[in-house]
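A.B. asks: Give me the fold of what follows.
(chains A, B, C and D)
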Number of protein chains: 4
Amino acid sequence: MQQLKQQVFEANMALPRHGLVTFTWGNVSGIDRDRQCIAIKPSGVAYEQMSADDMVIVDMNGVVIEGKYRPSSDTATHLALYKQYPELGGVVHTHSTHATAWAQAGLSIPALGTTHADYFFGDIRCTRALTIDEVQGEYELNTGKVIIETLGSHHPLHTPGVVVYQHGPFAWGKTAEDAVHNAVVMEEVARMAWIARGINPALKPIDSYLMNKHFQRKHGPNAYYGQGR
Amino acid sequence: MQQLKQQVFEANMALPRHGLVTFTWGNVSGIDRDRQCIAIKPSGVAYEQMSADDMVIVDMNGVVIEGKYRPSSDTATHLALYKQYPELGGVVHTHSTHATAWAQAGLSIPALGTTHADYFFGDIRCTRALTIDEVQGEYELNTGKVIIETLGSHHPLHTPGVVVYQHGPFAWGKTAEDAVHNAVVMEEVARMAWIARGINPALKPIDSYLMNKHFQRKHGPNAYYGQGR
Amino acid sequence: MQQLKQQVFEANMALPRHGLVTFTWGNVSGIDRDRQCIAIKPSGVAYEQMSADDMVIVDMNGVVIEGKYRPSSDTATHLALYKQYPELGGVVHTHSTHATAWAQAGLSIPALGTTHADYFFGDIRCTRALTIDEVQGEYELNTGKVIIETLGSHHPLHTPGVVVYQHGPFAWGKTAEDAVHNAVVMEEVARMAWIARGINPALKPIDSYLMNKHFQRKHGPNAYYGQGR
Amino acid sequence: MQQLKQQVFEANMALPRHGLVTFTWGNVSGIDRDRQCIAIKPSGVAYEQMSADDMVIVDMNGVVIEGKYRPSSDTATHLALYKQYPELGGVVHTHSTHATAWAQAGLSIPALGTTHADYFFGDIRCTRALTIDEVQGEYELNTGKVIIETLGSHHPLHTPGVVVYQHGPFAWGKTAEDAVHNAVVMEEVARMAWIARGINPALKPIDSYLMNKHFQRKHGPNAYYGQGR
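C.D. replies: Numbering: from 1, shown residues only, chains lettered A, B, ... in the order given. Just a heads-up that it's a prediction; the model follows:
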C-alpha cells in the first residue's frame, strides 16, 4: 500500500513539473488490482505541501479506507474506468491548456502526425455533451460512463485518453506514471494540432499506413523503439 | 496593520511568480474593514526590491496614513470597489497577456468550459469605453465606477473580475490572496478561450446546467470540492 | 569608460533574462556624449561567456578605440541613430519573436491598449523595404537611415522603437537600460496585438484621449506614476 | 572515439535545454569520417540519466561496434544523410512543436525574414509523403532518401534542414553542435512564420537581395559577422 501511495504521489507531482496544472487542478490515481483499491490525490490540496502519506486509499465502491483527507472529487470517474477496463493501472485528469481548448471547441484532437501516432492510434475523441439529468445526477460517475461510451469498441490502451466535452482531458495507462506520460503527449499533440490547422486549414489526417507503422514500431509485437524492456 | 501589509506584500509577490506581470505592472491591495483602511503596492517599485514594509496604508478617502512611498496610481479604482462591495477583502489589477488581449479586442471572455465555471459564473464582462470626460476627469475613480456599472446586479464574488475596455483585467476576492487566485484563473481561461475559438469559431457557450453544477460544486452551500474549510 | 562598459554589459545581459534573444542574436549599446563614443556588444559572442571588459568602445565614425573584439555588425545602425537624435542614451536591436513577426508581416504594431500607450505614443511603425541599392551598399548605415525616415517628425522618445521590414525591432531610450526596457514592452505589446486581432479582427485602435491620458500619466510634465524620480 | 561520444552527448543534452524535446523524443549523431563511424543517442533512454558512455558507436552499415544500448531507431536516416553529403559532421532529429506543426500542415517553412536568412538560404522544404511501400519497407532508410530527393541540387549546408511530411524536422551541420544550433533556429523561424502569417496572410517572402545579403554576411567568403573564426 505504501508503494502504491508513493507511485501515485510521484505521478501527481509530475503534473506541475510538466506544466499540466495550475493550482490544485488535476489528479492522478493508481490501482492495486489484488487488493481492489486505488490511491488518489486528496481534493483541493496544494502540490507544494503534499506528501505520499496524503494520498487517499479508496475501495472500488468509493469508500475511503485509509487517509486523513477527502479523495479527489473526480474519484467516481476514475473508479468507473478501472472497473470497465482491467488493463488500466493508472488514470489522470487535468485541465491542461490545449487539450482543454479542444474540449471547449467540442472537437476530437485529430491524428495529424507521427508524434500523435507514436502514442494514440487514431483521433483522441471528444465525448458528447452530458445531458441535464446526467449532470444533476451522479455527475462524476456519469462522466466515466460517457468516456466509456465514447471509446466504444476501441482498445483503451490504443487510444489512452479522451477529452470530455466542455470539460477537459482524461488519460490513462498501465501505471500511474504511464497515465501521466500519455497526458503530457495529449497536451503536446493538442498544441501541435491547433498550430498546424492554423497554418493550413485544409491539411489532411495522417496517412493510415504511416500511423500504423509508428504505433506498431513502439507498441506492436515487433516493436523496435527503446531498449526492449 | 503589520499582518495586512504582510498579506498584501505576499499577494503582490505572487503576481510575477504566476507570470502575470512584466516589470512593475500590476498591483494588489487588501482591506482592514475594522480600521477602514487598505494596504496597497507602492507605484512603480520593482518586485525584486520590495518588502512588506514598502506597502502603503491608505484610508478610504485615499489619504496615505503610513508608508514612505506613493501608493499605486490605481488606488482610487481599488477604493471604489471596496466601498461598493462589502464582501471584498482584496483587489488586483494586472496587464496579464491574454486577459488584456480580450480587453483590447473589446469582448467579454466567454464561459466555454468547466475551468471557467469553477470560478466565474458566466462570462467575464468587458466594460464599455470610458468617455472623454471620464478619462480626463477623475480617471481612476471613473474606472472603478464603470466596473461597478458593468457588474450591475451580479454578485461580485460570483464573477470576481472584469476586463476594462482597451485597458486590462481587474479581479477581486475575499482576501488579497484570493483576488490573485482569481486573476490567475482569469488569465488561464482567457488563453483557453482564445485557442478554443481559433480551433472552432462556431463553438457554443458552456451548457447552463454544467456551469451551474461546477460553480456550485466549489462555491455552493453543498460544495464538496476541497477539504471543506 | 569602465562605467559605460558595465552599464552596456548589464543591459546586454538583460536580453536573455527577458527572453528576447536566442544564441547571440541581439545587441545593446550606450553612448558617452562627452567623449563622443559608444560601448557596444562584440559580434557573435555568447552571452554566457561575456564580461563587461568584452564590450567594444567605438568612436562616432565606427573606429574601434578600445576592446579586443570586433563590434556588433549592426554598429553603423546604432551610430546613425545617436547622431540623428541627441536625446538617445541607449539603442537595442533584437529578433524577439512577436515583434519580428510583425516586421515579417510588414505591418506596424497597432496601438490597441493602455499597455502600449504607457510607453509608445501611437503605432510602432514598420519601415518600408530597403531598396536593392541600400542593401548592397552600406547596409547597416542605410538601415539606420530608413529608421530615421520612418520616424519622420515624431519625437524619438515618444515612440521609442520601430520594426524594420522583414528584419526585426530596434528600440532606444535615455539609457541602455531604458532602451532594453522599451524593447521588452515592444515584444509584449506585439504579442498582445497578435492575440487581440486573432480574437476580434474588427477591433478598433485605442481611443486617442485614453492613449493621451496614459502616456502623459507616465511621461508628461504632470506625470504621477512611479515615485517621481 | 571518446571525444566524439562526448561531443554527441553534449549536443543531445542541448535539446532539452533549448526546449526542443519532450521525454526521449529527438536524437543527435556525429561522425568520425576517418574511422567511418558515427556516435548516436541510444533509443528511448531518458536525458536525465544519460552519460557520454551511453552513446552508441555504429559503423556505416548500421552495425553497432561499441556501446551497451540499441542505437536510435532513426539511425538509418542519419547514415543515409552522412553517405550522401560528405560536408556533414552532425545530424539531429526532433519533434519540436512549431517545426512539427509545419510538417503536419504539409508546407515548407517560408523564408520571411532575416532571422531565417541568417541560417537558411530559402524555404525550409517539406518532403513529399512517403508511399505505402516506402513506409512498410526500410522506413528509416527511405526517410533519408526522401530528404535527399527533397534537397535535390541544393547545397546541404545552405539549407541545413527539412521537415518530413506528417513527421517532423531533421537538421544538420558541420558538427553535432552545429546541427543542434540549426534545429533551434528552425524551430524559432517556424514559430515566427506561423505568427507572421496569422497577422498578415498576404505577406510576401523575403526580398531575394535581402536574403542574399544576410546569408552572405554570415556564411559567404566575405562574411563579417562574428569574430572571424
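
A.B. asks: is chain C contacted by the longest helix along chain A?
C.D. replies: Secondary structure assigned by DSSP state H gives helix A:176-199 as the longest helix of chain A. No. Applying CB under 8 Å from any CB of the partner chain, one finds helix A:176-199 separated from chain C by no less than 9.1 Å. C-betas here are computed from N, CA, C, even on glycine.

A.B. asks: Please tell me how far that helix is from the chain's geometric centre.
C.D. replies: 11 Å (CA atoms, centre = their mean, to the nearest Å).

A.B. asks: Also stretch A:161-177?
C.D. replies: 2 Å.

A.B. asks: How about stretch A:144-153?
C.D. replies: 13 Å.

A.B. asks: can that stretch be found next to chain B?
C.D. replies: No. For a cut-off given as CB under 8 Å from any CB, stretch A:144-153 has no contacts with chain B; the smallest distance is 12.1 Å.

A.B. asks: Same check on stretch A:60-80?
C.D. replies: Yes. Stretch A:60-80 is in contact with chain B by CB under 8 Å from any CB, via A:69, A:70, A:73.

A.B. asks: Any idea how many residues pack against the second one?
C.D. replies: Neighbour count for residue A:70, taken as other CB atoms under 10 Å in any protein chain shown: 18.

A.B. asks: Ramachandran angles for it?
C.D. replies: Dihedral angles of residue A:70 (phi, psi; degrees, to the nearest 10) stand at phi -70, psi 140.

A.B. asks: I figured it was touching residue A:43, is that so?
C.D. replies: Yes. Using CB atoms under 8 Å, residue A:70 is in contact with residue A:43, at 4.9 Å.

A.B. asks: can you list residues touching both of these two?
C.D. replies: B:226, B:227 (CB atoms under 8 Å, 6 or more residues apart in numbering or on different chains).

A.B. asks: In chain A, which residue sits closest to chain B?
C.D. replies: Ranked by CB to the nearest CB, the top residue of chain A for proximity to chain B is residue A:44, at 3.1 Å.

A.B. asks: C-alpha coordinates for the longest helix of chain A, CSV please?
C.D. replies: Taking Å, rounded to 0.1, in the frame of the first residue of the first chain, the C-alpha atoms of helix A:176-199 are listed here in CSV:
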residue,chain,number,x,y,z
ALA,A,176,0.0,5.9,-12.8
GLU,A,177,3.3,7.1,-14.3
ASP,A,178,2.3,5.8,-17.7
ALA,A,179,-1.0,7.7,-17.5
VAL,A,180,0.8,11.0,-16.8
HIS,A,181,3.1,10.3,-19.8
ASN,A,182,0.1,9.9,-22.0
ALA,A,183,-1.5,13.1,-20.6
VAL,A,184,1.7,15.0,-21.5
VAL,A,185,1.7,13.7,-25.0
MET,A,186,-2.0,14.6,-25.4
GLU,A,187,-1.3,18.2,-24.3
GLU,A,188,1.6,18.4,-26.8
VAL,A,189,-0.3,16.9,-29.8
ALA,A,190,-3.3,19.1,-28.9
ARG,A,191,-1.0,22.2,-29.2
MET,A,192,0.6,21.0,-32.4
ALA,A,193,-2.8,20.3,-34.0
TRP,A,194,-4.0,23.8,-33.1
ILE,A,195,-0.9,25.3,-34.7
ALA,A,196,-0.9,23.0,-37.8
ARG,A,197,-4.6,23.7,-38.6
GLY,A,198,-3.9,27.5,-38.2
ILE,A,199,-1.1,27.2,-40.8
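
A.B. asks: is that helix anywhere near chain D?
C.D. replies: Yes. Residues of helix A:176-199 contacting chain D under CB under 8 Å from any CB: A:181, A:184, A:185, A:188, A:191, A:192, A:193, A:195, A:196, A:197, A:198, A:199.
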